[in-house]
Each structure stands twice: as structure tokens, then as C-alpha cells.
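Trainee: here are the coordinates; sequence isn't available:
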């Protein structure tokens, strides 16, 4: 299964993919392949499966394996494949990470453990153990304090994480602007910093950010690429209007509706998603109506 070839770099536009499921709640592997083919033809650089919005907590071991294999096969070398392998204990996180590596994924995205309040020592040991166990797969750390009960990857903590050779990127989703500026100043010349959504990309790129984990790329990849390229090229006349539109759209996303939000985004864009896995529910119809309006406008961006 494993291929001893260099993994694709973690840089650029990486849309989040929903955990596509059928009406009977079983994984929709054909739908997944459809979504990946759509992204491959759009010009984005990679994608992420099993992020938080992609229901990393939902699949069984067998389902996780099936989806990872199907994703790597569908990508067929056209896109970088990043698999979210976050789990609340190191053993299962490591199992998922090693499976993704053997399957041929380019990277894994890992957040700190999240059930018992983790200390700095716990989080570092978690990453250190995984770093030592893998061979060549790249690790994208994931900083989103609400998930691991408030744990935040501070600039000081990055002094330790930077000693781990397989950590090549971070998805930064702490919205505090001072934190983001300090982290980018500390690490942007050492690993690739990904904005955790369109609403942070503009300022992140100005401080050295190299990528975006896109919330809306599964529906409007050309608009996200236009924003990314305008920011990277410092084309403010093009970047600012797009950035404002995406920022307005981000305002309808909440901790309670994020899974349903991504699934609705995908379906409005013509891709496959299905309902969130039970007990979670589809997006509120009023919010979906607003989402349709914004995405229709953004779909017209060339």
C-alpha cells in the first residue's frame, strides 16, 4: 500500500470535505470520489477529510479505513490528500495516522487530545509519540482551543513543537488577532501556516501565511482561489471585496451548526454530502437560504 515517494507539499488552498453519507447513514464512497474529482478539476492544491466539520469523530475503524483508501484512490496524485486523524487518545490517533501513511496520504491533521483537559506536557508527548512513529508523512498541527478544552498552542509552546521533524504545517483557528500575529512572526519562516478559514486569510498572508483550510472551497473553489491568489500577490483591489464577502459569510457559522454548515455548503455547490451523522441535524432552513444567496454570488467569480 505505502508508496516510498515524496509526499505533496502542504501549501495553498485545501478545502474541507464533508463526510459524505447516504440516506441509510453509510459512507458514500462514490459521492466522495465525485467531490474529489470536482476539486481536482478546479485548480485547488489539496483537500482535508475528517476535519472537525468533516466529522472526524463519526466513522468506525472500518469506515475510516474505507474512506481514506477511497480518497487517496480518487485523488490519484492530482491533489495533496490530508487526513484528519485527531482522536482523544494517542493509541487511536497513531493507528489512524499510520493507516493514512500506508494508504499514501500526503499529510495528517492532528489536534490535541480533547476529552480530559490536556496540559502542555500531555499535548507535547502526544505529538512527540506520533512524530517518532511515522516515517515520512507530514503532520499539520491543528490549533483550535475550543476543541481541547481551551488548550492553545502559544508561541512559547511552538519552541517545543518545532523540534519535531514531521510537523510541516499548522491550521491556525484561534481567532485572537494578537495570538495570530505572534504565532506567524514566530513560525511562518519555518513551517507553513494555514488560515483556519477565509475570514483570517487576508491578514495571515500579509504576515507570512502560506495556505488556507477552506470552509467554502467545496462549493466555490474558484472564488477561494481568487481570494488566495489576490492575497498572495498583494492585489488589494481584488482581495478586499472578496475578503469582505467571505467574512460576512463566516458570520453565520457557529459551533453548533458547523457540520451541517459544511454539508449544506457542499450540496448548494452541487457536491455530495448527505445529512450529518445522527444525532446531529441538517442546517436551519433560514441559514441555508442565506448561504445559498452568498454562494450564488461567489460562484460568479472567475
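Mentor: That came in fine, so what should we check first? The structure displayed is predicted, hence computed values, not measured ones. Numbers count the residues shown, from 1 in each chain.

Trainee: I'd like to know how far residue 246 sits from residue 264.
Mentor: Look at residue 246 and residue 264: by Cβ to Cβ, to the nearest Å, they are 16 Å apart. No exception for glycine: its C-beta is placed from N, CA and C like everyone else's.

Trainee: One more: residue 298?
Mentor: According to Cβ to Cβ, residue 298 and residue 264 sit 14 Å apart.

Trainee: Report the outermost residue of this structure with respect to its centre.
Mentor: In the chain, counting by Cα atoms, centre = their mean, residue 237 sits farthest out from the average C-alpha position, at 27.4 Å.

Trainee: Against residue 214, how distant is that one?
Mentor: In terms of Cβ to Cβ, residue 237 sits 22 Å off from residue 214.

Trainee: Show me the shaky parts of this structure.
Mentor: Scanning the chain for pLDDT under 70 picks out the ranges 1-5, 302.

Trainee: now the helices for it?
Mentor: Applying DSSP state H to the chain gives helices spanning 29-42, 61-75, 90-103, 120-133, 155-161, 177-187, 198-206, 221-232, 236-250, 258-268, 285-299.

Trainee: Same question for the third one: list its buried residues.
Mentor: Spelled out, it's helix 90-103. With burial defined by 16 or more other Cβ atoms under 10 Å, the residues of helix 90-103 counted as buried are 90, 93-103.

Trainee: now that helix against helix 61-75, angle please.
Mentor: 30 degrees (axes from the mean of the first three to the mean of the last three Cα atoms, to 10 degrees).

Trainee: quick one: the nearest residue in space to residue 28 that is not next to it in sequence and residue 50, what's the gap?
Mentor: Nearest non-adjacent residue to residue 28, counting by Cβ to Cβ, 6 or more residues apart in numbering: residue 20, 4.1 Å away. Plainly put, residue 20 is 12 Å away from residue 50 if you go by Cβ to Cβ.

Trainee: Which of those two has more residues huddled nearby?
Mentor: The neighbour count for residue 20 versus residue 50, taken as other Cβ atoms under 10 Å, is higher for residue 50 (27 against 24).

Trainee: thinking that one is in contact with residue 83, fair?
Mentor: Yes: taking Cβ atoms under 8 Å as the definition, residue 50 is a contact partner of residue 83 at 6.0 Å.

Trainee: and stretch 10-27, how far from the chain's centre?
Mentor: Relative to the centre of its chain, stretch 10-27 is centred 10 Å away, using Cα atoms, centre = their mean, to the nearest Å.

Trainee: For it, measure first residue to last.
Mentor: 26 Å (Cα to Cα, to the nearest Å).

Trainee: ditto for stretch 255-274
Mentor: Stretch 255-274 has an end-to-end distance of 19 Å (criterion: Cα to Cα).

Trainee: do stretch 129-143 as well
Mentor: Length of stretch 129-143, first residue to last, Cα to Cα: 18 Å.

Trainee: That one: which residues count as buried?
Mentor: Neighbour counts using 16+ other Cβ under 10 Å place 130-131, 134, 137-143 of stretch 129-143 among the buried residues.

Trainee: and those as JSON lines, adding distance to residue 274?
Mentor: Converted to JSON lines, these look like this (distance: Cβ to Cβ, whole Å):
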{"residue": "130", "distance to residue 274": "31"}
{"residue": "131", "distance to residue 274": "35"}
{"residue": "134", "distance to residue 274": "32"}
{"residue": "137", "distance to residue 274": "29"}
{"residue": "138", "distance to residue 274": "30"}
{"residue": "139", "distance to residue 274": "29"}
{"residue": "140", "distance to residue 274": "26"}
{"residue": "141", "distance to residue 274": "29"}
{"residue": "142", "distance to residue 274": "24"}
{"residue": "143", "distance to residue 274": "29"}
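
Trainee: Show only the entries of the residues you listed found in strands.
Mentor: 138-143 (DSSP state E).

Trainee: returning to that earlier point: so the residue nearest to residue 28 makes contact with residue 36?
Mentor: No: at 10.1 Å, residue 20 and residue 36 do not qualify as touching, with contact defined as Cβ under 8 Å.

Trainee: Quick check: buried residues in stretch 177-191?
Mentor: Buried, per 16+ other Cβ under 10 Å, within stretch 177-191: 179-180, 182-184, 186-188, 191.
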